[in-house]
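Student: sequence-free structure coming up:
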Ligand SMILES: Cc1cc2nc3c(=O)[nH]c(=O)nc-3n(C[C@H](O)[C@H](O)[C@H](O)COP(=O)(O)OP(=O)(O)OC[C@H]3O[C@@H](n4cnc5c(N)ncnc54)[C@H](O)[C@@H]3O)c2cc1C
Ligand SMILES: Cc1cc2nc3c(=O)[nH]c(=O)nc-3n(C[C@H](O)[C@H](O)[C@H](O)COP(=O)(O)OP(=O)(O)OC[C@H]3O[C@@H](n4cnc5c(N)ncnc54)[C@H](O)[C@@H]3O)c2cc1C
């Protein structure tokens, strides 16, 4: 029936945002990698908002880049505008956000995939996983091609038993009228993997010519050249604006009056939707005292007139979509080019995964992206990257990579997913990261590039640049630590200009920089470095010096966490053997099978008392007894 | 159930090559036009070969351009190489052919649609036509939007009950894994429209990195800047080569041994395939003495590594596709990115159409493109354009346009379709045109631009340029007719250089140019024009003068044809009333309902004797009696 279509180290199912990073990372580690996708014309397709980045998410893109991923480079080449958000606030919440040119993004990502050594990109619908004795062996496509590999990464996004819903219309479909994937989902269930039903939605797109922008506020891009990738050297200078408008009472009334017609509210959708990308229906219901909601009008690209109506995600019937949209200033005569819709799909309960993204049930089977219950391109990319790294590790017997919660948002996300699970589409938020002061936009390379290099994901040349940067930072901090600034008139003048109070005594340059009002640029005037330093080095020096107090405290906390994290729980632990554990804790621990006491302490339902009992049990070496070793 | 989504003059279903020209033409004529398509990301998508033009087809593109269509302009902007074919042969068989950048073609065409006044482009699946008393009233989409219009053009290509076939795999699908259209096809049948089942196929695409080009022959583009459109002024200079290789006995043996596994040969496909774009299976069976077949390797675009394997169109199982492909020099290690497949679909028996492209059964319902039993992008574009022109005419009560067989390949094609029908996917060939000497690449504007202008499809400025060109041609011909060249040494030298025999007497310049060896460039040296003439004027002068004998004869034939064409057959003729008509002729005439005696004479099964009887009947004015007028 099937034919032998080839042997690989890693097979990636899907070429969405998770799939592409997975495939690229695996191939870069040297694994012979096959990537299968339904439609080669829609690689790395964005079915929803034309943008990448934003709070937390933007930092993930930087992390992906520091580990050799593609998302940052591609959006750097294909955006229509870019902004650094929260520049007035502290560095911990700064984040880059770019509006994407969707068709160009596809083209550029496809080009990268096609040119990646060790990677074979192919159109094909995977119908079945080959599994023997709970070990993955490969996949079979609908054309009966059997591809064999010791590791398979499933990144099928919202395609698993996808159903599109608009009002009372509902049909089996993947996003954007693509085919849905049914048999794979059924098979995962048969293999004992728990699935839940989630949903998400997207707003209408309108023709730009039919928008009256004079009734909206312009949102220009930033002049300052920015980039997600540390490697980007060419910057796009002709930025295209977005536009801001608002809903109003008339909009809300139409939605309210027609709530029962929305697929989401009529009971047609069983799945749970994303709390942080709510539909306009959700917003009206949940915040029914808010007089208006923001609507951003975002071009879908440079060479298209399609405009994405951010904020009006909906599954109302098309005619109500029309009506409510036309109450919004600027959209009175707007013509819909694509209607909004909701999609409902199967996703995997992510506590069934190890932190490597490998499923616990099936050895060698990895999953990543929206399939794991997340929402968002960046979340998908981050998971894909990690799954790619670790699948290659398993196939080639290389080092695995698990990031902890202090090392990156990627670490936070994966730890949240595999430890706590999620009962709604999971989105990254800065508030999820307890060490967010450490997980900054500006230091993703300092946090992760070394690891990327060790895993073979970062080219030598780039690594050398990075080492040089690090060295310069240290040297400059050391220099500022040595320089003593006297209370001369020149110094006092600069301080007063910055809005500070005059010095009483001489001071170390480094201590002056710690004052809130002082910037590195002030110091530079008073004690210029002998070598000319790049902007990113200056930025690092400023941030590291200014926040050294906070950072020190955070590092102590991280130290404590790492201690708990280093207390490994052997895989073969028998929770039933541990006396005194609360029943809920026992059940949850058996389900999640945390790898460390640290992870165990974050499992919901596990209390500090349970953690103590667990610690004692492990330290007494009872495991050895249990396992008979 | 449905909601009123708006009123239009013309609704176009589909945005393939037929749909886009239909929509643009209708909108340019001033009709408020709606265009609905399944996926806005795949507007004007090329599901098969990445090329436009070639013999006959290339001339259609010029004709489309002369009538204000978009295909020529878009391919001029988005090709990777262009060649004028048959430059050594006579002007009648010259034709332009371009390799297209597929993703760029989509982008450019979409941009044109989005910016066309009077045209609304929208994503949506049409589920039903609204028909009352055999008159079209509008359409309903699956989201229950009812759009109303007095004319609807259906251009759904290969989507009607589309089924994809690869070996014994078969599933309901449009091309490239898009959704197929079932309910529309069923409804057309219910409305009494006869449908037949046709099929077509496409070869695999391979990754360029896996091709060994050293074993193939390079096919460079031409240095000479060329364009399809008369309006193009910027030319692409960096052309990308294609590559030529061949099948061999090993290839043929694999195909032969596995014929029963091909969807086309196993009996799985019921439809009839295109004779002139045969699958490789067809070629092996039909030309089994040919030792090899050409295979062109054609890039699918500038920024992609996908390469189209022209010549290996197939519905063999994927593993046989692999095997046979790898016997071809250069493709020994090639990796398939997309497998070849066949698609089977419903198409309309085109004798059910008037030459305006309106269906006879349903007033206001037009059809165009592959749906009418043709094959090829250019054939689709030509029909779409005419349907758009005539649907707008009907809706707005403007002049209709029917091209006769002497005016253009478009006229030949539509006359063939509506008069003779087709029992296999119809493709344009130069041999189909009896006046092919008149239907040249070089004179499409002279043939058609005036008509385009009169219909409002050509902007004033362009029309003025055209008039100027025509005037210059006439003036230059008149000048050459007056100039007498004496048998001076200078003249003799030029003649001898051109390889001709010396003059005995003085001669008119125009008569010298008629000599086969003489070119306009020679005349130019002997008697330069006082004004500097553009190249296209010189070309026209040369061709018109050189072939004036043939042209005169052709014009006489055309005259005779036009006479027959001008003998109109009233719509209400009762063929049963005409004594002496052969039964077959009577049946076929009743089916086709030709508009003129000329057209009647081309209906298959109608003999000259039947034509005479018909002529007499009409000339005796019997119609009046029948209709009681
Ligand atoms: C309608 C809609 C609205 C959304 N709204 C939001 C939002 O508001 N905010 C937000 O953050 N995110 C939103 N998203 C989610 C966002 O698009 C995803 O998070 C992101 O695209 C997920 O990336 P992924 O790689 O996991 O999956 P996808 O990008 O969906 O990619 C899945 C890939 O798997 C392939 N595939 C599927 N089945 C098979 C098979 N059987 N064989 C081979 N290949 C297969 C597909 O071809 C595709 O390449 C929305 C998504 C949709 C569809
Ligand atoms: C596999 C394959 C192989 C081919 N091989 C060849 C070849 O070798 N040589 C050759 O000359 N030609 C070939 N063709 C044919 C060529 O692609 C077509 O002739 C050409 O694309 C036809 O143009 P069209 O506009 O008629 O239809 P298409 O380009 O198919 O466009 C149809 C349009 O209708 C839309 N549509 C369909 N149903 C609906 C609906 N219900 N509501 C709204 N919109 C709808 C679609 O979205 C699409 O935009 C091949 C086609 C296929 C699919």
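Tutor: On my side now, so go ahead. The structure presented is a predicted model; accordingly, all values stated were derived computationally and were not measured. Ligands and ions are numbered 1, 2, ... in the order given.
Student: which residue sits closest to the residue in the stretch 501-629 of chain A that chain B sits nearest to, ignoring its sequence neighbours?
Tutor: Residue nearest to chain B within the stretch 501-629 of chain A: residue A:536 (30.5 Å; C-beta to the nearest C-beta). For the C-beta atoms, the positions are set from N, CA and C on the backbone; glycine is no exception. Once flanking residues are discounted, residue A:536 sits nearest to residue A:469: 6.7 Å by C-beta to C-beta, 6 or more residues apart in numbering or on different chains.
Student: ok, now which ones touch the one you found?
Tutor: Contacts for residue A:469 (C-beta atoms under 8 Å, 6 or more residues apart in numbering or on different chains) come out as A:445, A:534, A:536, A:537, A:540.
Student: tally up the residues packed near residue A:418, please.
Tutor: 25 (other C-beta atoms under 10 Å in any protein chain shown).
Student: pull the contacting residues for residue A:149.
Tutor: By C-beta under 8 Å, 6+ apart, the contact set of residue A:149 is A:7, A:8, A:9, A:10, A:11, A:34, A:136, A:137, A:138, A:139, A:395.
Student: any idea how far the residue nearest to residue A:536 is from residue B:190?
Tutor: Distance, residue A:469 to residue B:190, by C-beta to C-beta, to the nearest Å: 72 Å.
Student: in a helix, that's where the residue of the stretch 501-629 of chain A closest to chain B is, yeah?
Tutor: Yes - Residue A:536 forms part of a helix when assessed by DSSP: H, G, I helix; E, B strand; the rest coil.
Student: spatially nearest residue to whatever residue of the stretch 301-450 of chain A ends up closest to ligand 1 (excluding sequence neighbours)?
Tutor: Closest contact between the stretch 301-450 of chain A and ligand 1, by C-beta to the nearest ligand atom, is at residue A:369 (2.3 Å). In this structure, residue A:369 finds its nearest non-sequential neighbour in residue A:18, 2.8 Å apart by C-beta to C-beta, 6+ apart.
Student: roughly how far is the strand or helix carrying the one you found from the heart of the chain?
Tutor: In the assignment (DSSP states H and E), residue A:18 maps to helix A:17-28. Remark: helix A:17-28 is offset 14 Å from the chain centroid, using C-alpha atoms, centre = their mean, to the nearest Å.
Student: now do that helix, average pLDDT.
Tutor: Regarding helix A:17-28, the rounded mean pLDDT is 98.
Student: number of residues surrounding the closest residue to residue A:376 other than its chain neighbours?
Tutor: Leaving aside its sequence neighbours, residue A:376 sits nearest to residue A:427 (C-beta to C-beta, 6+ apart; 5.7 Å). For residue A:427, the tally of surrounding residues (other C-beta under 10 Å) stands at 19.
Student: next one: residue A:427 from residue A:375, what distance?
Tutor: In terms of C-beta to C-beta, residue A:427 sits 5 Å off from residue A:375.
Student: surely the residue of the stretch 301-450 of chain A closest to ligand 1 touches residue A:157?
Tutor: Yes - in this structure, residue A:369 is within contact of residue A:157 by C-beta atoms under 8 Å, at 5.7 Å.
Student: overlap in contacts of the two?
Tutor: A:14, A:16, A:18, A:380.
Student: so which residues on the stretch 51-200 of chain A come close to ligand 1?
Tutor: A:125, A:126, A:155, A:156, A:157, A:158, A:159, A:175, A:181, A:184, A:200 (C-beta under 6 Å from any ligand atom).
Student: between those residues, which is closest to residue B:41?
Tutor: residue A:175 (11.2 Å; C-beta to C-beta).
Student: tally up the residues packed near the nearest residue to that closest one once chain neighbours are set aside, please.
Tutor: Closest residue to residue A:175 apart from its sequence neighbours, by C-beta to C-beta, 6+ apart: residue A:47 at 3.9 Å. Neighbour count of residue A:47, defined by other C-beta under 10 Å: 19.
Student: what kind of secondary structure is residue A:47 in?
Tutor: Under three-state DSSP, residue A:47 comes out as coil.
Student: state the pLDDT value of the residue in the stretch 401-550 of chain A that ligand 2 sits nearest to.
Tutor: Using C-beta to the nearest ligand atom, the closest approach of the stretch 401-550 of chain A to ligand 2 is made by residue A:425 at 29.9 Å. Residue A:425 is assigned a pLDDT of 94 by the prediction.
Student: number of residues surrounding it?
Tutor: Counted with other C-beta under 10 Å, residue A:425 comes out at 24.
Student: try the one 5 residues further on
Tutor: Counted with other C-beta under 10 Å, the burial measure for residue A:430 works out to 17 neighbours.
Student: doesn't residue A:94 make contact with it?
Tutor: No - between residue A:430 and residue A:94 there is no contact under C-beta under 8 Å: 10.3 Å.
Student: for the residue nearest to the spatial centre of chain A, list the residues it contacts.
Tutor: Closest residue to the average C-alpha location of chain A: residue A:379 at 2.5 Å, with C-alpha atoms, centre = their mean. Contact partners of residue A:379, counting by C-beta under 8 Å, 6+ apart, are A:57, A:60, A:369, A:370, A:413, A:426, A:427, A:428.
Student: host element of it?
Tutor: helix A:377-396.
Student: please apply the same query to residue A:295.
Tutor: Using DSSP H and E, residue A:295 falls in strand A:294-299.
Student: please name every helix or strand in contact with the following helix or strand past that strand.
Tutor: Tracing the chain C-terminally past strand A:294-299 and defining elements by DSSP H and E, one meets strand A:306-310 next. Packing partners of strand A:306-310 (3 or more C-beta pairs under 8 Å, 6 or more residues apart in numbering or on different chains; DSSP states H and E): strand A:205-207, strand A:294-299.
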